[in-house]
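Novice: show me the folded form of this:
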Amino acid sequence: MHNVARKLGAVLAAAWRQRNYCAAGSVRASMKIAMAMMDEPISAHGSRHSGVGAAIGRLSVTLILAAAAGYAAGAEFDCIIEPKQVIELRSPLEGLIDRVNVDRGDFVKKGQEVAVLDTSVEQIQAAIAKQRSQMEGAVTAGKARVQFSASKAQRIEELHRDKFMSAQARDEAATEKALAEAELKDASDNRLLAKLEYQRQQEIIRLKTIRSPIDGVVTERILHPGEFAEAGVGRKPLMKLAEIDVLHVEVLLPVEAYGKVQRGQSVEVLPEVPAGAHLRATVKVVDTVLDAASGTFGVRLELPNKERKIPAGIRCKASFPSIVAGERRVPPPAVPPPAKGAAQSRPAR
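Specialist: You can find the predicted model right below:
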């Protein structure tokens, strides 16, 4: 039985070495040792212990293969699949909600109209500004006044040269002409301001038409028609949108893995739903500031989801091929002591 314990200890030590050194040559060498144990007699009792030797050999093969397989596989870490971004959609202007065109669970396209605020007042103001911008009466009158005053000033200037008109009359005619030109300029400016006011009202109407800034899905509808939409941070949003065409996978890794994960690296992701799916994600962010309290750092993966078959907000497992499972070394298993009554060698005197 002493030989049995010795060989069992050798099997455990070989398996432990194989756990730490998984090169293909080491695997084959350990396998040869294990196969030799199956054929080697353990004691002189022959048949009585031959079954024990075969069992030890089979145990060694199992331990070595299990250790090699566990070492070669990439380490798996818990992760969470989240939307690429979640947006709280608010109105840039205050106003009464006229209609909401989408509901929870609806998919929206970028630029799609999702809600409209009441714009009846702005529509009237825009119509007034447009009409003012097209009014030509003041401009036409100003042009006629300028033309008349110019002709009058020219006649008075000629009469003044012939000593038939005084200098005061000449100056009054010139001033009248200048005032007429100023009034024409003022009429033209008012027409231009009316055009700008019309554009301003059109822009207000555009801002009161809320459009989706992303391709995504409506996760929550908060306000409804008839309610008052408030502008500003901290106010109630109209709805929440989530972009899920590309998903983010958030993983926390131990500090021992720092430096072994690089941007652009491919990582296998196993989500809870759909069950049994094996997906490939790409490392996009590796935190450079570690959390000393937990001894971890964050890694973000990017997971394509064009067909939207993968839901967001689920747990998953991420397998990193560059991080080997069980890299933290622990003391090797101790060799079991020999059974009671077994012969023990004594040092020579």
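
Novice: which residues in this structure form helices?
Specialist: Counting by DSSP state H, the chain has helices at residues 2-20, 24-39, 47-72, 120-134, 137-161, 167-207.

Novice: excluding its backbone neighbours, what's nearest Tyr198?
Specialist: Ala129 (3.8 Å; Cβ to Cβ, 6 or more residues apart in numbering). Bear in mind the C-beta positions are built from the backbone N, C-alpha and C, glycine included.

Novice: how about the one you found, what does it touch?
Specialist: By Cβ atoms under 8 Å, 6 or more residues apart in numbering, the contact set of Ala129 is 194-195, 197-198, 200-201.

Novice: ok, Ala169 next?
Specialist: Here Ala169 is in contact with 156, 160 (Cβ under 8 Å, 6+ apart).

Novice: and it, how far from Asn101?
Specialist: Per Cβ to Cβ, to the nearest Å, Ala169 is found 71 Å from Asn101.

Novice: quick one: pLDDT of the most centrally placed residue in the chain?
Specialist: Closest to where the C-alpha atoms of the chain average out (Cα atoms, centre = their mean) is Lys84, at 3.1 Å. For Lys84, the pLDDT comes out at 96.

Novice: list the contacts for it?
Specialist: With contacts defined as Cβ under 8 Å, 6+ apart, Lys84 is in contact with 243-248.

Novice: closest to Arg263 out of those residues?
Specialist: His248 (14.3 Å; Cβ to Cβ).

Novice: tell me how many other residues surround the closest one.
Specialist: By the criterion of other Cβ atoms under 10 Å, His248 has 20 neighbours.

Novice: find the nearest non-adjacent residue to it, please.
Specialist: Nearest residue to His248, sequence neighbours excluded (Cβ to Cβ, 6+ apart): Glu82, at 5.0 Å.

Novice: what about that neighbour, how many residues nearby?
Specialist: Residues near Glu82, counting by other Cβ under 10 Å: 18.

Novice: that one against Leu247, yeah?
Specialist: Yes: if you go by Cβ atoms under 8 Å, Glu82 and Leu247 touch, sitting 6.8 Å apart.

Novice: buried ones among the contacts of Lys84?
Specialist: 243-244, 247-248 (16 or more other Cβ atoms under 10 Å).

Novice: which one of those is nearest to Pro237?
Specialist: Among those, and counting by Cβ to Cβ, the member closest to Pro237 is Glu243, at 15.7 Å.

Novice: identify the bridge partners of that closest one.
Specialist: Beta-bridge partners recorded for Glu243 (DSSP bridges): Gln85.

Novice: show me the residues around it that make contact.
Specialist: Glu243 neighbours (Cβ under 8 Å, 6+ apart): 83-87, 214-216.

Novice: the same query, at a cut-off of 6 Å, please.
Specialist: Remark: with contacts taken as Cβ atoms under 6 Å, 6 or more residues apart in numbering, Glu243 is in contact with 83-85, 214, 216.

Novice: pLDDT weak spots in the stretch 51-200 of the chain?
Specialist: Within the stretch 51-200 of the chain, the segments meeting pLDDT under 70 span 51-74.

Novice: residues near Ile314, how many?
Specialist: 14.

Novice: can you put the contacts of Lys84 in TSV and add pLDDT?
Specialist: Shown next, in TSV, are those (pLDDT from 0 to 100):
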residue	pLDDT
Glu243	97
Ile244	96
Asp245	96
Val246	97
Leu247	97
His248	97
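
Novice: report the two of those residues separated the most.
Specialist: Using Cβ to Cβ, the contacts of Lys84 span at most 11.7 Å, a distance reached by Asp245 and His248.

Novice: ok, the spatially closest residue to Pro311 that is not a sequence neighbour to Tyr258 distance?
Specialist: If the residues on either side of it in the chain are set aside, Pro311 comes closest to Val273, at 5.9 Å by Cβ to Cβ, 6+ apart. Going from Val273 to Tyr258 by Cβ to Cβ gives 31 Å.

Novice: which of the contacts of Glu243 sits closest to Arg161?
Specialist: Ile214 (76.5 Å).

Novice: so how far is Val246 from the closest one?
Specialist: 11 Å.

Novice: the nearest residue to Glu183 once chain neighbours are set aside: what's it in contact with?
Specialist: Computed as Cβ to Cβ, 6+ apart, the closest residue to Glu183 that is not its neighbour in sequence is Gly142, at 5.0 Å. Residues in contact with Gly142 (Cβ under 6 Å, 6+ apart) are 183-184, 187.

Novice: so which of the residues you listed comes closest to Gly226?
Specialist: Nearest to Gly226 among the contacts of Gly142, with distances taken as Cβ to Cβ, is Ala187, at 44.2 Å.

Novice: the closest one: how many residues sit nearby?
Specialist: 20.

Novice: look up the closest residue to it, ignoring the ones flanking it.
Specialist: Closest to Ala187 by Cβ to Cβ, 6+ apart is Ala138, at 3.8 Å.

Novice: about what we covered before: tabulate the contacts of Gly142 (a markdown table), appending distance to Ile314.
Specialist: Listed next are these as a markdown table, based on distance: Cβ to Cβ, whole Å:
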| residue | distance to Ile314 |
| --- | --- |
| Glu183 | 73 |
| Leu184 | 71 |
| Ala187 | 67 |
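
Novice: perfect, that will be all.
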